[in-house]
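# Next one to model:
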Amino acid sequence: MIVKICGLMNKEDVTAAVEAGADYLGFVFAKSKRRITYEQAGKMSEDVPLHVKKVGVFVNPEMSEIEEAIRIAGIDLIQLHGDESPEFCREMKKPVIKAVSIHSEEDVLKFEKYDVHHVLADAPGTAYRGGSGHSFDWNYLSHNDHHEQLILAGGLTPENIQQAINEVKPAGVDVSSGVETNGKKDHQKMKQFVKNAKQTGSEMI
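Sure, this is the predicted structure:
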């Protein structure tokens, strides 16, 4: 079970996420209350071990922005959270996570268009794309054929992650606000989230 902790904003939280056992670390470069610069991401993650992958999160970026993020922040994967086309995704120099906001079962069909490393199912955003802390009806994913690629996001917490994994059976899960207290990453919640997700993932048939 791949676990991604997103919206990291300082070195202490990056270290805590790595120690908790996260596989992917998410750095938000799109408009968001968790937005950071490429330079900040690079500095925060300079001690991250090689087996932990750094993910840059973008919304409708220019190719030059992505190239700059790879060069300065050293990101390993590119998460695209906007209206990026399948053609644009194919041009990426790093593996792509393509996020889709799930309003209905029809949105799940959008996964078919993208030949990417992961598809990410997220709840519809509020002020920004993603990161709303809301979940969506997981039943929409019941006919999903992309379990080996699928990352589930949206309103996940240490309390509901086991149920989410058992119902959806994704390849990975993604959390941001669900491991925060008063808008700050809570290291104990991160540890509990990763533990619960990994344990449930290992029990999946």
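# Only C-alpha atoms from now on, for both contacts and neighbour counts.
Will do.
# so what pLDDT did the residue nearest to the spatial centre of the chain get?
Centroid check for the chain by C-alpha atoms, centre = their mean gives residue 174 as the closest residue, at 4.4 Å. If you check residue 174, the pLDDT there is 97.
# What residues does it make contact with?
3-6, 151-154, 156 (C-alpha atoms under 8 Å, 6 or more residues apart in numbering).
# So it, which state does it fall into?
At residue 174 the chain is in strand, as set by DSSP: H, G, I helix; E, B strand; the rest coil.
# List the beta-bridge partners for it.
residue 4 (DSSP bridges).
# how near is the closest residue to residue 142 other than its chain neighbours to residue 204?
Sequence neighbours aside, residue 168 is the residue nearest to residue 142 in space, at 6.9 Å (criterion: C-alpha to C-alpha, 6 or more residues apart in numbering). According to C-alpha to C-alpha, to the nearest Å, residue 168 and residue 204 sit 11 Å apart.
# Between those two, which has more neighbouring residues?
The neighbour count for residue 168 versus residue 204, taken as other C-alpha atoms under 10 Å, is higher for residue 168 (19 against 11).
# backbone phi and psi for that one, please?
When read as degrees, to the nearest 10, the backbone of residue 168 gives phi -90, psi -30.
# My guess is it contacts residue 137. True?
No - counting by C-alpha atoms under 8 Å, residue 168 sits too far from residue 137 to count as a contact (10.4 Å).
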